[in-house]
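Student: got a sequence here, can you build the structure:
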Amino acid sequence: MNRARESGLASIDPASIPQRELHTGATMPAIGLGTFGSDHVTPAQVATAVRGAAAVGYRQFDCASVYGNEPEVGEALADVQASGIEREQLWVTSKLWNDKHGEDEVIASCRQSLADLRLEYLDLYLVHWPFPNFHPPGCDVTSRSPDAMSYIHESYMKTWRKMEELVDMGLVRHIGTSNMTIPKLKLVLRDARIKPAVNEMELHPHFQQPELFQFVIDNGIEPVGYCPIGSPGRPERDRTLEDTSPIDDEVVREIANRHRIHPAVVCIKWAVQRGQTPIPFSVHNYRANLAGVVSDPLSDDEMHEIAAIDRNCRLIKGQVFLWKDGQTWEDLWDVHGEITPP
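Tutor: Residues are numbered from 1 along each chain as shown. Down below sits the predicted model:
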């Protein structure tokens, strides 16, 4: 049965979706469906969203082992292919979690994700965070692993060599980084045999990261943006009083009124037109997000209006990855232009 017709949602021609050309020459859809259900969406609901999103035209799906739903997403992807969408038409990403950075763990972790997702290969595999610091699910922001450590480039490159080996083995077609900074990326680019195809990073109108954004573009790395609408469903532990919401910004809401769309769709339009690849997660509004990137573009003036509302407001601060007492979350992000020492 046609799931788009079943849900009452008209499908969008996947050929109309903008594509990003990676440094390998491969192309990737310029919007994907995230699958992080946070702490309020079940794996079954995420899987249902994957099926529905594929039916209305999505072809990129951003997954991760730590999301705890890859078996369910894998079942959904199997259904998607059974519906007539060929594997080569899909772009599927997964990520290596922090407690699997060891040289003897990278390949095994990737194989587990492949088994869970019911795939023979991944289009993209990312190192989820540059810190091998484990924290238990559901912990609060004060949680610290007794074995936590800072970014150690030599250790990261041992992990990266195994990521490169995954490409050599044909298990992964591209590898990439996530939650990185310019100082860290400079070292990886210097030492990598296979350079990152993408860097996944927080990007939304209130956190535009212009320097990092331009750095990855200049180095032939595709910026993939998570939290593209400000992650209103992020876990409570990640929220602070200083946080702001781009979908509640007066400028975004005024633009939304002009276009007669939801403010979230304005954020998605802005992201794609700016040149990044957003991966919004939605249980119900995924079609509106997709439709937003193939019709009624924002004007140059509107793009400039949004460029002017950057507040440098990082929402996913990563406190649980800190490695010693007395630190603040800024130490994770090399805000002074140098890697924070151990």
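Student: any chance you could map the helices in the stretch 51-200 of the chain?
Tutor: With DSSP state H, counting those that start in this stretch applied, the stretch 51-200 of the chain shows helices at 70-82, 106-117, 153-169, 182-191, listed in chain order.
Student: for the shortest one, which positions count as buried?
Tutor: Put plainly, it is helix 182-191. Residues of helix 182-191 classed as buried under the neighbour-count rule (16 or more other C-beta atoms under 10 Å) are Ile182, Lys184, Leu185, Leu187, Val188, Leu189. Bear in mind the C-beta positions are built from the backbone N, C-alpha and C, glycine included.
Student: for that helix, what is the average pLDDT?
Tutor: Averaged across helix 182-191, the pLDDT comes to 98.
Student: distance to Pro210 for the buried residues of helix 182-191 - can I get that in a markdown table?
Tutor: Shown next, in a markdown table, are those (distance: C-beta to C-beta, whole Å):
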| residue | distance to Pro210 |
| --- | --- |
| Ile182 | 12 |
| Lys184 | 18 |
| Leu185 | 15 |
| Leu187 | 21 |
| Val188 | 21 |
| Leu189 | 19 |
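Student: how about JSON lines for the helices of the stretch 51-200 of the chain, with distance to Ala256 added?
Tutor: Compiled in JSON lines, the helices of the stretch 51-200 of the chain are given as follows (distance: least, C-beta to C-beta, whole Å):
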{"stretch": "helix 70-82", "distance to Ala256": "30"}
{"stretch": "helix 106-117", "distance to Ala256": "35"}
{"stretch": "helix 153-169", "distance to Ala256": "40"}
{"stretch": "helix 182-191", "distance to Ala256": "33"}
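Student: my read is that Glu165 contacts Ile107, right?
Tutor: Yes. Glu165 sits in contact with Ile107 when judged by C-beta atoms under 8 Å, with a separation of 6.8 Å.
Student: how close does the spatially closest residue to His128 that is not a sequence neighbour sit to Val127?
Tutor: Spatial nearest neighbour of His128, excluding adjacent residues (C-beta to C-beta, 6 or more residues apart in numbering): Lys95 at 4.0 Å. Taking C-beta to C-beta, to the nearest Å as the measure, Lys95 and Val127 are separated by 7 Å.
Student: higher neighbour count, these two?
Tutor: Looking at Lys95 and Val127 with other C-beta atoms under 10 Å, you find the greater number of neighbours at Val127, namely 28 against 25.
Student: and that one, bridged to which residues?
Tutor: When bridges are taken as DSSP bridges, the partners of Val127 come out as Leu96, Thr177.
Student: doesn't Trp160 make contact with it?
Tutor: Yes. Taking contacts as C-beta under 8 Å, Val127 lies within contact range of Trp160: 7.2 Å.
Student: which neighbours do these two share?
Tutor: By C-beta atoms under 8 Å, 6 or more residues apart in numbering, Val127 and Trp160 have these common neighbours: Ile175.
Student: who touches stretch 256-276?
Tutor: Contacts made with stretch 256-276 from outside it, assessed by C-beta under 8 Å, 6+ apart, are listed as 18, 30-31, 203-205, 213, 217, 223-225, 228-230, 246-249, 252-253, 255, 277-278, 280, 285, 288-289, 291-293, 296-298, 302-303, 306.
Student: oh sorry, the question was meant for stretch 109-123
Tutor: Stretch 109-123 is contacted from outside by 26, 28, 63, 65, 70-71, 73-75, 77-78, 87, 90-94, 96-97, 100, 125, 166, 170-174, using C-beta under 8 Å, 6+ apart.
Student: out of those, which end up buried?
Tutor: For these, a neighbour count by 16+ other C-beta under 10 Å gives the buried set as 28, 63, 65, 70, 73-75, 77, 90-94, 96-97, 100, 125, 166, 171-174.
Student: how about the strands in this protein?
Tutor: Secondary structure of the chain by DSSP state E: the strands cover 19-21, 27-29, 33-34, 60-62, 91-96, 124-127, 175-178, 198-202, 222-226, 277-278.
Student: pLDDT weak spots in the chain?
Tutor: 1-8 (pLDDT under 70).
Student: repeat that with 90
Tutor: Across the chain, the ranges flagged by pLDDT under 90 are 1-10, 37-40, 133-147, 231-242, 284, 325-326.
Student: and the residue positioned nearest the centre of it, bridged to which residues?
Tutor: The C-alpha lying nearest the average C-alpha coordinate of the chain belongs to Tyr226 (C-alpha atoms, centre = their mean; 4.3 Å). On DSSP bridges, the residues paired with Tyr226 through beta bridges are Glu202.
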